[in-house]
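> Give the three-dimensional model of this entry:
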Amino acid sequence: MTPEMRNALRCCAREALNEVKKAFADNTSVNKDKLSRPILLKHYERIKPLGISFVWLLYTIGVLNGVLEDRS
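You can find the predicted model right below:
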């Protein structure tokens, strides 16, 4: 993965994470999977033409949250 692709992935993951957090704060009683899945898929469509998989988007969000460790 080139540095440009990694930057695009991180930017998209950061925006998706912010939108998901805002949706969770606004709708506390709704199932979180029903809220987050459409948001993540919407942001994934932006990086899909680069050949980046959906799993990489989820992994990058995990790294940004501090749940996963970046080993690259």
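
> shaky segments in this protein?
Residue ranges of the chain with pLDDT under 70: none are present.

> What separation is there between the residue nearest the centre of the chain and residue 67?
The centroid of the chain falls nearest to residue 13 when counting by Cα atoms, centre = their mean (3.6 Å). Distance of residue 13 to residue 67, given as Cβ to Cβ, to the nearest Å: 13 Å. No exception for glycine: its C-beta is placed from N, CA and C like everyone else's.

> buried set for the lengthiest helix in the chain?
As assigned by DSSP state H, the longest helix anywhere in the chain is helix 3-26. Neighbour-count burial for helix 3-26, counted by 16 or more other Cβ atoms under 10 Å, picks out 8-9, 12-13, 16-17, 19-20.

> so which of those residues would you say is closest to residue 58?
Nearest to residue 58, judged by Cβ to Cβ, of those is residue 13 at 8.5 Å.

> so that closest one sits right up against residue 62, yeah?
No. Residue 13 is not in contact with residue 62 according to Cβ atoms under 8 Å; the separation is 9.1 Å.

> Max pairwise distance over the buried residues of helix 3-26: which two?
Longest span within the buried residues of helix 3-26, Cβ to Cβ: 8 and 20, 18.5 Å.

> Go ahead and measure how far stretch 12-32 is from the middle of the chain.
Between the centre of stretch 12-32 and the centre of its chain there are 11 Å (Cα atoms, centre = their mean, to the nearest Å).

> who touches that stretch?
35-36, 39-40, 42-44, 46-47, 57, 60-61, 64-65 (Cβ atoms under 8 Å, 6 or more residues apart in numbering).
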